[in-house]
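Novice: dropping a prediction and its sequence here:
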Amino acid sequence: MIDWKYGFYHLFWWTGFIISISLVAYLIKASWLVSTVLILAVALAIMGILSIFEKRHPYLQEKKRQTTIKHFRLFHSTVLAAIFILLFGFISDHPLVLIYFVALADIVPSFFTKMV
């Protein structure tokens with residue numbers, strides 16, 4: 001069973017997060033420490049907004065969900081980790097690629113969940 005609503009909720013969350021981090025990383029040319037603090041501030045702000053949103057919409061709370069395909073998250077994450085390790089030599093000059101792999105490891109399995 002595919003849960004489109006919860007899957008697209010995670011997709012939009014990660015899209016907004018990646019866009020905001022990309023803007024912070026590329027528009028603000030600062031030192032490593034300042035960039036890291038700004039990225040953490042953006043992440044905390046988005047997480048705070050989402051926690052308020054999830055309180056109003058209990059359907060989207062992750063603690064009330066379970067997977068519909070056993071061990072899917074494990075297999076998917078393992079395949080993505082293997083791809084990342086194999087491609088690391090080609091993509092090591094792009095610092096945000098790891099965030100894309102983490103997002104994929106969370107987005108795809110979220111489509112295969114159901115309410116508990």
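Specialist: On my side now, so go ahead.
Novice: just the pLDDT for the residue nearest in space to the middle of the chain.
Specialist: Closest residue to the average C-alpha location of the chain: A103 at 3.3 Å, with Cα atoms, centre = their mean. With respect to pLDDT, A103 has a value of 85.
Novice: could I get the contacting residues of it?
Specialist: By Cβ atoms under 8 Å, 6 or more residues apart in numbering, the residues touching A103 are 14, 17-18. Glycine gets a C-beta too; all of them are placed from N, C-alpha and C.
Novice: and for I18?
Specialist: Per Cβ under 8 Å, 6+ apart, neighbours of I18: 96, 99-100, 103.
Novice: now do the phi/psi pair for K114.
Specialist: Main-chain dihedrals, K114, degrees, to the nearest 10: phi -150, psi 160.
Novice: any idea how far the helix or strand harbouring K55 is from the middle of the chain?
Specialist: Using DSSP states H and E, K55 sits within helix 32-56. Put simply, helix 32-56 sits 13 Å off its chain's centre (Cα atoms, centre = their mean, to the nearest Å).
Novice: helices of this protein, start to end?
Specialist: 4-27, 32-56, 72-91, 97-110 (DSSP state H).
Novice: just so I know, which of the ones you listed lies nearest K63?
Specialist: Minimum separation from K63 across the helices of the chain (Cβ to Cβ) falls at helix 32-56, 9.5 Å.
Novice: may I see the buried residues of that closest one?
Specialist: The neighbour-count check on helix 32-56 (16 or more other Cβ atoms under 10 Å) flags 35, 38-39, 42, 46, 54 as buried.
Novice: buried sites along stretch 10-24?
Specialist: Of the residues in stretch 10-24, those buried (16+ other Cβ under 10 Å) are 10-11, 13-14, 17, 20-21, 24.
Novice: alpha carbons of that stretch, as PDB, please.
Specialist: Extracted in PDB, the C-alpha atoms of stretch 10-24 (Å, rounded to 0.1, in the frame of the first residue of the first chain):
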ATOM      1  CA  HIS A  10       8.200  14.200   3.400                       C
ATOM      2  CA  LEU A  11       9.100  15.100  -0.200                       C
ATOM      3  CA  PHE A  12       8.000  18.700   0.300                       C
ATOM      4  CA  TRP A  13       9.700  18.900   3.600                       C
ATOM      5  CA  TRP A  14      13.000  17.700   2.200                       C
ATOM      6  CA  THR A  15      12.600  19.900  -0.900                       C
ATOM      7  CA  GLY A  16      12.200  23.000   1.300                       C
ATOM      8  CA  PHE A  17      15.100  22.000   3.500                       C
ATOM      9  CA  ILE A  18      17.400  21.400   0.600                       C
ATOM     10  CA  ILE A  19      16.500  24.600  -1.100                       C
ATOM     11  CA  SER A  20      17.000  26.600   2.100                       C
ATOM     12  CA  ILE A  21      20.400  25.000   2.800                       C
ATOM     13  CA  SER A  22      21.500  25.500  -0.800                       C
ATOM     14  CA  LEU A  23      20.600  29.200  -0.600                       C
ATOM     15  CA  VAL A  24      22.500  29.500   2.700                       C
END
